[in-house]
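[1] how would this look folded up:
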Amino acid sequence: MLAQHVSHQNAEQFGLNLHGEAVVDGAHTLFLIVDGDRDNIDRFMAPFTEVGSVDVLQSSGCEQVVARAHC
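    Numbering: from 1, shown residues only. A predicted model of the protein is given here:
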């Protein structure tokens, strides 16, 4: 079910743009790169809280970090 949840089409239903996803080999750790409203991201991630911890971290692209000259 969770694998099917992580799709561009499903993310769009939450008003999100899914840029990428990856699972760390042997670690049961999933990384998603999405952009959108924080409340929508939390709603999209809710099913994952049923099977483990979820951390949502704000981030910026490398070009943005370089432009503002700090992380």
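[2] quick one: low-confidence parts of this protein?
    Counting by pLDDT under 70, the chain contains no low-confidence range.
[3] got the residue ranges for the strands in it?
    Ranges of strands in the chain, per DSSP state E, are 17-24, 29-35.
[4] Mind checking these for the one nearest to residue 69?
    Of all the strands of the chain, it is strand 29-35 that lies closest to residue 69, at 22.2 Å by C-beta to C-beta. The C-beta positions use only the backbone N, C-alpha and C, and glycine is treated the same way.
[5] Can you give me the buried ones in the closest one?
    30, 32, 34 (16 or more other C-beta atoms under 10 Å).
[6] do stretch 64-71 as well
    For stretch 64-71, it's none, nothing buried (16+ other C-beta under 10 Å).
[7] May I see the strands of the chain arranged in TSV, with distance to residue 43 as well?
    Shown next, in TSV, are the strands of the chain (distance: least, C-beta to C-beta, whole Å):
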stretch	distance to residue 43
strand 17-24	14
strand 29-35	12
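[8] between those strands, which gets nearest to residue 67?
    Shortest separation from residue 67 across those is recorded for strand 29-35, at 17.1 Å, computed as C-beta to C-beta.
[9] That closest one - contacts with which helices or strands?
    With contacts taken as 3 or more C-beta pairs under 8 Å, 6 or more residues apart in numbering; DSSP states H and E, strand 29-35 sits against strand 17-24.
[10] packing partners for the strand it packs on?
    If you count contacts as 3+ C-beta pairs under 8 Å, 6+ apart, strand 17-24 packs onto helix 8-13, strand 29-35.
[11] excluding its backbone neighbours, what's nearest the residue nearest the centre of the chain?
    Nearest to the mean C-alpha position of the chain, counting by C-alpha atoms, centre = their mean, stands residue 32 at 3.4 Å. In space, and not counting its chain neighbours, residue 32 is closest to residue 21: 5.0 Å by C-beta to C-beta, 6 or more residues apart in numbering.
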